[in-house]
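Engineer: have a look at this prediction, sequence included:
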Amino acid sequence: MEIIYTKKELIQYRDNCRISNKTIGFVPTMGALHMGHISLVQQAQKNVDNVIASIFINPTQFNNKDDFKNYPSTIDQDIELLIQYGCNAVFIPTVDEIYGQYDYQPFTVDLGDLGNIFEGEKRPGHFDGVIEILHILFELLQPNQVYMGLKDYQQVMVVEKLLQNNDVPIQLIKCATIREKDGLAISSRNKRLSPEERETALNLFKSMSEIKEKYPFSDISILKKSYFNQLNSIDNIEVEYIDIVDSQTLKSINSWNPPGKNLILIAAFVGKVRLIDNLLF
Ligand code: PAF
């Protein structure tokens, strides 16, 4: 596996792929890799010639300094895992390499309401940071496809907007959330949960599954309130939001949508660790 540290080498890699007519699939990550990331690599391997991941804990997308400081970093294991699963290359820049000689205009996308709700509301500036880094990486690498996990459902919608609004010819491949056997959505942040907290965190998926079971019979607003209260009453859980929304607009719904278009969105602290999850049905 090729390990690339500089923008210059990344451009070279892209040009070599072009010259040899090889398509590129891109898996952007912040490291602390797990089977969720590997599933993105594996899906990309089915569709493109070369799969390249990036590992970069992007400071500009953290609205909370502690979250940035505590974000897990496991570079050596990450590289081993990518080699094991046959990834072709990985880009591991430093913050200075990315933002040091920042030689083009800061870049934003008008997200409309999407930028002000849920993660946009709770993590001010987060999506601006995500857009900024992905715009830089997309410009450098110009992949044919980018693979993103639906656990970050709203992020996937933001990236869709970034690509559409700017006519960027990169195909976004949305990949299913990978869960542990007991339902916990796999996330780099899970590494920070104690065994007890991990057990407590299972309540997020459990609640969403129970709500799904009640489709289409229960009253949506009563459901939302009762699960908010029920989850909040569990020791060590502090719910930020739990909502049932239209899967295409992320607007709260008061009456059910047809199957496949109802989405539960949840964000909660379990101890000090902020987790998000969602369920589409
Ligand atoms: O989902 C993530 O890990 C990050 O937001 C991303 C897409 C790699 C951008 O830094």
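Structural biologist: Here it is on my side, so go on.
Engineer: going forward, measure contacts between C-alpha atoms and count neighbours the same way
Structural biologist: OK.
Engineer: can you give me the strands for the stretch 101-250 of the chain?
Structural biologist: Assigned by DSSP state E, counting those that start in this stretch, the stretch 101-250 of the chain shows strands spanning 145-149, 171-175, 237-246.
Engineer: and those strands: which comes nearest residue 191?
Structural biologist: Closest approach to residue 191 among the strands of the stretch 101-250 of the chain is made by strand 237-246 (17.0 Å; C-alpha to C-alpha).
Engineer: what comes into contact with the closest one?
Structural biologist: The contact list for strand 237-246 (C-alpha atoms under 8 Å, 6 or more residues apart in numbering) reads 118, 200-201, 220, 224, 227-228, 231-232, 251-253, 257, 261-271.
Engineer: stretch 19-38 near the ligand at all?
Structural biologist: Yes. Stretch 19-38 is in contact with the ligand by C-alpha under 6 Å from any ligand atom, via 28, 29, 30.
Engineer: which positions in stretch 136-143 come out as buried?
Structural biologist: Within stretch 136-143, the residues scored as buried using 16 or more other C-alpha atoms under 10 Å are 136, 137, 138, 140, 141, 142, 143.
Engineer: got the residues you listed as TSV, with distance to residue 66 and pLDDT columns?
Structural biologist: Formatted as TSV, the buried residues of stretch 136-143 follow (distance: C-alpha to C-alpha, whole Å; pLDDT from 0 to 100):
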residue	distance to residue 66	pLDDT
136	25	95
137	25	98
138	28	98
140	30	97
141	31	98
142	33	98
143	33	98
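Engineer: got a pLDDT number for the closest residue to residue 121 other than its chain neighbours?
Structural biologist: Take residue 121 and drop its neighbours on the chain: the residue closest to it by C-alpha to C-alpha, 6 or more residues apart in numbering is residue 115, 7.3 Å away. Residue 115 carries a pLDDT score of 96 in this model.
Engineer: CSV please, covering the strands of the stretch 101-250 of the chain and showing mean neighbour count, mean pLDDT and distance to residue 71.
Structural biologist: Shown next, in CSV, are the strands of the stretch 101-250 of the chain (neighbours: other C-alpha atoms under 10 Å; pLDDT from 0 to 100; distance: least, C-alpha to C-alpha, whole Å):
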stretch, mean neighbour count, mean pLDDT, distance to residue 71
strand 145-149, 22, 98, 18
strand 171-175, 17, 98, 23
strand 237-246, 21, 98, 20
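Engineer: coming back round to it: among the contacts of strand 237-246, name the buried ones.
Structural biologist: Buried, going by 16+ other C-alpha under 10 Å: 118, 200-201, 220, 224, 227-228, 231-232, 252-253, 257, 262-271, out of these.
Engineer: surely residue 52 is in a strand?
Structural biologist: Yes. Applying DSSP: H, G, I helix; E, B strand; the rest coil, one finds residue 52 inside a strand.
Engineer: neighbours around the closest residue to it other than its chain neighbours, how many?
Structural biologist: Excluding the flanking residues, the one nearest residue 52 by C-alpha to C-alpha, 6+ apart is residue 89, at 4.6 Å. Neighbour count for residue 89, taken as other C-alpha atoms under 10 Å: 21.
Engineer: what bridges to residue 89?
Structural biologist: residue 2, residue 52 (DSSP bridges).
Engineer: and it, how far from the ligand?
Structural biologist: Noted for residue 89: a distance of 16 Å to the ligand, by C-alpha to the nearest ligand atom, to the nearest Å.
Engineer: and what of residue 232?
Structural biologist: When residue 232 is compared with the ligand (using C-alpha to the nearest ligand atom), they lie 26 Å apart.
Engineer: contact partners for that residue?
Structural biologist: The neighbourhood of residue 232, defined by C-alpha under 8 Å, 6+ apart, consists of 238, 239.
Engineer: gap between it and residue 150?
Structural biologist: Here residue 232 is placed at a distance of 25 Å from residue 150 (C-alpha to C-alpha, to the nearest Å).
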